[in-house]
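>>> Sharing a model prediction with you, sequence too.
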Amino acid sequence: VSLRAILVERYEQRGELDVAIAHLESLVVQEVHALRAHYLLAEHARRRGDHERALRHYEAVLGRDVDYPNVRVRVERLRVITGRAAPAAGETIAAGDVAGVQAGARYRLVRELGRGATGVVYLARDAELEREVAIKLLHPHLSGSVQADALARFFHEARVMASLRHPNVVAVLDIDEGARRIVMELAAGGTLKDILRERGPRPARRAIERHCQILSALAAAHRRGIVHCDLKPGNLMFRRDVDLPGVEVMLGDFGVAHLPDASGTVSATTRRAEAVGTLAYMAPEQRRGEVSPAVDLYAAAVVLYEQLIGRTPWGREGALTTGRRRDDFILPREVLPATSLADDIQHHLLRLGDPEPANRPTTTEAVAESQRLRERIIALEASAA
């Protein structure tokens, strides 16, 4: 499959996508390659004037990454061309409940915040407690037998998040299976993805502080036997503006998380599973369908690197390749001053980003290392003041 993906990229670079269509149609059913495959199929159809086909593939892209470059604009344009209106606020399986909301029920929808693979997230007003919340409603196309599986995944995510009760995990406030609705605290400060796009790389102290908080959330999940499997900036959120004092990051979207076994516990033991996640943040063994807490630590290394540099250790095309090296995580010299602290930050990053999961620290060890780095960088700044 990986060789097929590499071959597709080479055809695309040469402007020969016609030859790659069969390969792309095979890749759309592979979760790790589906996003890019849908995008290239959409581009091919658009250039050939097949608007319906292009729209279908672009919408599949938005379902996986609502911020994928240029796609939202093309979807809106193609909906106009094909005579299809954009979905209304109430166009979900919970449409009846949405109508009730507008008629005076507890939650009053304000506007759409984003879309994912299983549902749409809205900003809403809780009329009973007079506060703003986020409401996630299931997509309308998930129906029939597919709906049963989708509902199971939908509320599985909610119960996983609710069970953690950690300051660095998005809080679930209410679940209503009848209305296909999850009510969550509002991340009014946006996502880390938004922050990196709008404000660029984070200062070293900020990056290490967020990194500590991310590892703390992962430690809470791993103690409960939960492996997140999709840690990335788009799933890391803030309650208020990120640059305000005391604002911490929150981990959300447990939609593809792996739960503990029947005993209710999990160790560092590797389990076999379908390869799911976001390619640029997936550990090498995760691509092979192997899941353990170590895959989340690898993703945390990618996120820390991205906080410091403003990009992942590999570009979009590089994310498709299977080869990963420890040296991928070496930071440019200008990022951190040449001190023993910089050396220790680099060492910590290399340990988390080791391609061999057995060489990575445990989550507990990683948390302790990150906390020591945080204390040292605070002390260093205080002595320099």
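Arrived safely, thanks for sending.
>>> Tell me where the stretch 1-150 of the chain is predicted with low confidence.
Low-confidence segments of the stretch 1-150 of the chain (pLDDT under 70): 1, 63-67, 84-104, 116-118, 140-147, 150.
>>> Which residue ranges of it form helices?
2-13, 17-27, 31-47, 51-64, 71-82, 95-102, 144-164 (DSSP state H, counting those that start in this stretch).
>>> okay, the angle between the first one and helix 17-27?
Read that as helix 2-13. 150 degrees (axes from the mean of the first three to the mean of the last three Cα atoms, to 10 degrees).
>>> secondary structure element for residue 201?
Here residue 201 is covered by no helix or strand, with elements defined by DSSP states H and E.
>>> mind checking the backbone torsions on it?
With angles defined as degrees, to the nearest 10, residue 201 sits at phi -60, psi 150.
>>> how about it, what does it touch?
207, 307, 308, 309, 310, 335 (Cβ atoms under 8 Å, 6 or more residues apart in numbering). (Each C-beta comes from the backbone N, C-alpha and C, glycine too.)
>>> show me what contacts the last one?
By that I understand residue 335. Counting by Cβ under 8 Å, 6+ apart, the residues that residue 335 touches are 201, 204, 308, 309.
>>> Same question for the third one.
The contact partners of residue 308, taken as Cβ under 8 Å, 6+ apart, are 201, 202, 204, 207, 331, 335, 336.
>>> tell me the phi and psi of it?
phi -80, psi -30.
>>> ok, it to residue 360 distance?
Residue 308 sits 19 Å away from residue 360, taking Cβ to Cβ, to the nearest Å as the criterion.
>>> what's the answer for the fourth one, then?
Computed with Cβ to Cβ, the distance linking residue 309 and residue 360 is 20 Å.
>>> thought residue 71 was touching residue 62?
Yes: Residue 71 is within contact range of residue 62, at 5.8 Å (criterion: Cβ atoms under 8 Å).
>>> hey, where'd the helices end up in the stretch 251-385 of the chain?
Counting by DSSP H, counting those that start in this stretch, the helices of the stretch 251-385 of the chain are 284-287, 293-309, 340-352, 363-384.
>>> and the longest one, what other elements does it pack with?
Secondary structure elements in contact with helix 363-384, counted by 3 or more Cβ pairs under 8 Å, 6 or more residues apart in numbering; DSSP states H and E, are helix 204-223, helix 293-309, helix 340-352.
>>> ranking those helices by burial, who's on top?
helix 293-309 (a mean of 25; mean count of other Cβ atoms under 10 Å).
>>> In CSV, could you pull the C-alpha coordinates for it?
Extracted in CSV, the C-alpha atoms of helix 293-309 (Å, rounded to 0.1, in the frame of the first residue of the first chain):
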residue,chain,number,x,y,z
PRO,A,293,0.8,3.8,24.6
ALA,A,294,4.1,4.4,22.8
VAL,A,295,2.3,5.5,19.7
ASP,A,296,0.9,8.5,21.6
LEU,A,297,4.4,9.4,22.8
TYR,A,298,5.7,9.4,19.3
ALA,A,299,2.9,11.7,18.2
ALA,A,300,3.7,14.0,21.2
ALA,A,301,7.3,14.2,19.9
VAL,A,302,6.0,15.4,16.5
VAL,A,303,3.7,18.0,18.1
LEU,A,304,6.6,19.3,20.3
TYR,A,305,8.8,19.6,17.2
GLU,A,306,6.0,21.4,15.4
GLN,A,307,5.5,23.8,18.3
LEU,A,308,9.2,24.8,18.2
ILE,A,309,9.6,24.8,14.4
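>>> before we move on, the earlier item: nearest to residue 353, of the helices of the stretch 1-150 of the chain?
Shortest distance between residue 353 and those, using Cβ to Cβ, is found for helix 31-47: 18.5 Å.
>>> Against which helices or strands is that closest one packed?
Packed next to helix 31-47, using 3+ Cβ pairs under 8 Å, 6+ apart, are helix 2-13, helix 17-27, helix 51-64, helix 71-82.
>>> So which of these is nearest residue 327?
helix 2-13 (20.5 Å).
>>> Which parts of stretch 5-22 count as buried, going by neighbours?
5, 8, 9, 11, 12, 17, 20 (16 or more other Cβ atoms under 10 Å).
>>> Report pLDDT for residue 219.
Listed pLDDT for residue 219 reads 97.
>>> now do the one 3 residues further on
Reading off the confidence values, residue 222 has pLDDT 96.
>>> Residue 227 versus the residue nearest to residue 294 when sequence neighbours are not counted, what's the distance?
Among residues not flanking residue 294 along the chain, residue 357 sits closest, at 3.9 Å (Cβ to Cβ, 6 or more residues apart in numbering). Applying Cβ to Cβ, one obtains 12 Å for the distance of residue 357 from residue 227.
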